[in-house]
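[1] Provided below are the primary sequence and the corresponding predicted coordinates.
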Amino acid sequence: MTADLDRVVLIGVAGDSGCGKSTFLRRLTDLFGEEFMTVICLDDYHSLDREGRKKAKVTALNPKANNFDLMYEQIKAIKEGKAIDKPIYNHETGELDPPERVEPNKVVVIEGLHPLYDERVRSLVDFGVYLDISDEVKVQWKVQRDMSERGHTYEDVMASIKSREPDFKAYIEPQREYADVVIQVWPTELLDPEAAKESDLIKVRLIQKEGVETFEPVYLFDEGSTIDWRPCGRKLTCAYPGIKMYYGPDSFYGHEVSILEVDGQFDNLEEMIYIESHLSKTGTDHYGEMTELILKHKEYPGSKNGTGLFQVLVGLKMRETYEKLMAKQEEVAKV
């Protein structure tokens, strides 16, 4: 893929800290390529450094700690094909570093806490995703990440989660309404609640908004039907308590949506082709591409459950959206 900047496609990936954005972005890079896709972390638009937030007694989730005017101006400029001098927030020091030059690209992903929060920025986004992790799973994931990668103590992590919760509910979670796709992660329902607390199994839901011009939801078996499916154990190896899938229509924030769910864990990823063969409108270029993309990086977190499957599916739908927007641009150019 070579750069042709008549049209920059802007993708927004929203979610709280520790909700799996980094893994999702790696999967998008697999699809688009580093030379074709640029990622902008919106943490760089913090207007207050760590000390400034302490003095003001606000978290990074609070709009008061972020410069949305600059964010809008710069994201608008890069979507118009112009280079920007983007600020940098240094996560290690908690300070604001000198800006860096960012050139436009065919696909630009803005990711972080607020890509769908400001109405002006949101209006620029061509495809929006929200990663929605339940409180139980969020605590488990954030504890694992912050203790192993950032050297925090368990007490520090829990205190941070508690202090951020009011602002998360007020400013981050409402962005779900504006996303084209929401990936929800819940504790498994294949076990009783007490056993589920001790289990690594999760239930993952893909909430797909209907009626979006450049996006057609993925469906299982029969579009618009309601399907409960236990895949055949001879064709899809999975230990107790197995795997359960669901597909059906629903409503989300007053929008008509299609829901696709996976509860449980895949034991043999080579057999994912069995699942792929029962899904339609996946956005793949060829039969088996979804399975190939999952197998390409088995080591990525979530590869054996619904998070990996749905991250790959959403990435494929993003690519499809990009291709549709490019085709529309070419039609306009001909006129």
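    Everything's here; your move.
[2] Distance of the closest residue to residue 224 other than its chain neighbours relative to residue 229?
    Distance criterion C-beta to C-beta, 6 or more residues apart in numbering; nearest residue to residue 224, sequence neighbours excluded, is residue 249 at 6.4 Å. For glycine as for every other residue, the C-beta is placed from the backbone atoms N, C-alpha and C. Applying C-beta to C-beta, to the nearest Å, the value for residue 249 to residue 229 is 16 Å.
[3] What of residue 30?
    28 Å.
[4] hmm, back to that, wait, the residue nearest to residue 224 touches residue 255, no?
    No: with contact defined as C-beta atoms under 8 Å, residue 249 does not reach residue 255; the gap is 11.3 Å.
[5] for the protein, longest helix please?
    Longest among the helix segments of the chain by residue count, using DSSP state H, is helix 306-334.
[6] Now do that helix, average pLDDT.
    In this model, helix 306-334 has an average pLDDT of 88.
[7] could we number from 121 for the rest of this?
    I'll keep to 121 as the first residue from here, and by that count the last item is helix 426-454.
[8] elements contacting that helix?
    Helix 426-454 sits against strand 129-135, helix 141-152, strand 247-253, strand 301-307, strand 322-329, strand 375-384, helix 409-416, with contacts defined as 3 or more C-beta pairs under 8 Å, 6 or more residues apart in numbering; DSSP states H and E.
[9] ranking the ones you listed by mean pLDDT, which is last?
    When the helices and strands packed on helix 426-454 are ranked by mean pLDDT, helix 141-152 comes last with a mean of 90.
[10] Please compute how far it lies from its chain's middle.
    9 Å (C-alpha atoms, centre = their mean, to the nearest Å).
[11] Over to stretch 290-310?
    Using C-alpha atoms, centre = their mean, the offset of stretch 290-310 from its chain centre is 10 Å.
[12] same deal with stretch 173-187?
    The answer for stretch 173-187 is 24 Å, by C-alpha atoms, centre = their mean.
[13] Please identify the buried residues of that stretch?
    Residues 173, 178, 179, 180, 181, 182, 183, 185, 186, 187 are the ones in stretch 173-187 that count as buried (16 or more other C-beta atoms under 10 Å).
[14] Give me the distance between the two termini of that stretch.
    Stretch 173-187 has its terminal residues 13 Å apart, counting by C-alpha to C-alpha, to the nearest Å.
[15] Now that stretch: average pLDDT?
    93.
[16] For it, which outside residues touch it?
    With contact meaning C-beta atoms under 8 Å, 6 or more residues apart in numbering, stretch 173-187 is reached by 136, 162-163, 165-168, 172, 207, 233-234, 237, 283-284, 287-288, 291-292.
[17] Apply 10 Å and report the result again.
    The contact list for stretch 173-187, computed with C-beta atoms under 10 Å, 6 or more residues apart in numbering, reads 136-137, 162-170, 172, 193-194, 207, 209, 214, 232-234, 237-238, 280, 283-292.
[18] and those residues, which of them are in helices?
    Among those, the members found in helices (DSSP H) are 170, 172, 193, 194, 280, 283, 284, 285, 286, 287.
[19] just the buried members of those residues?
    Among the ones in helices among the contacts of stretch 173-187, those classed as buried by neighbour count (16+ other C-beta under 10 Å) are 170, 194, 280, 284, 287.
[20] any weak-confidence spans in the stretch 221-370 of the chain?
    261-272 (pLDDT under 70).
[21] so what sits against both of residue 369 and residue 375?
    Jointly contacting residue 369 and residue 375 under the rule C-beta under 10 Å, 6+ apart are residue 330.
[22] Quick one: classify the residue nearest to residue 344 as helix, strand or coil.
    Following DSSP: H, G, I helix; E, B strand; the rest coil, we place residue 369 in the strand state.
[23] Show the contacting residues for it.
    By C-beta under 10 Å, 6+ apart, the contact set of residue 369 is 330, 337, 343, 344, 345, 346, 376, 377, 378, 379.
[24] Just among those, which is most surrounded?
    When neighbours are taken as other C-beta atoms under 10 Å, the top entry among those is residue 337 (24 neighbours).
[25] give me the beta-bridge partners of the nearest residue to it once chain neighbours are set aside?
    Closest residue to residue 337 apart from its sequence neighbours, by C-beta to C-beta, 6+ apart: residue 328 at 3.7 Å. Under DSSP bridges, the beta-bridge partners of residue 328 are residue 301, residue 378.
[26] Kindly reformat the contacts of residue 369 as TSV containing distance to residue 398.
    Formatted as TSV, these follow (distance: C-beta to C-beta, whole Å):
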residue	distance to residue 398
330	21
337	15
343	12
344	16
345	13
346	15
376	23
377	20
378	15
379	16
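[27] Can you tell me which of the residues you listed is nearest residue 248?
    residue 377 (13.7 Å; C-beta to C-beta).
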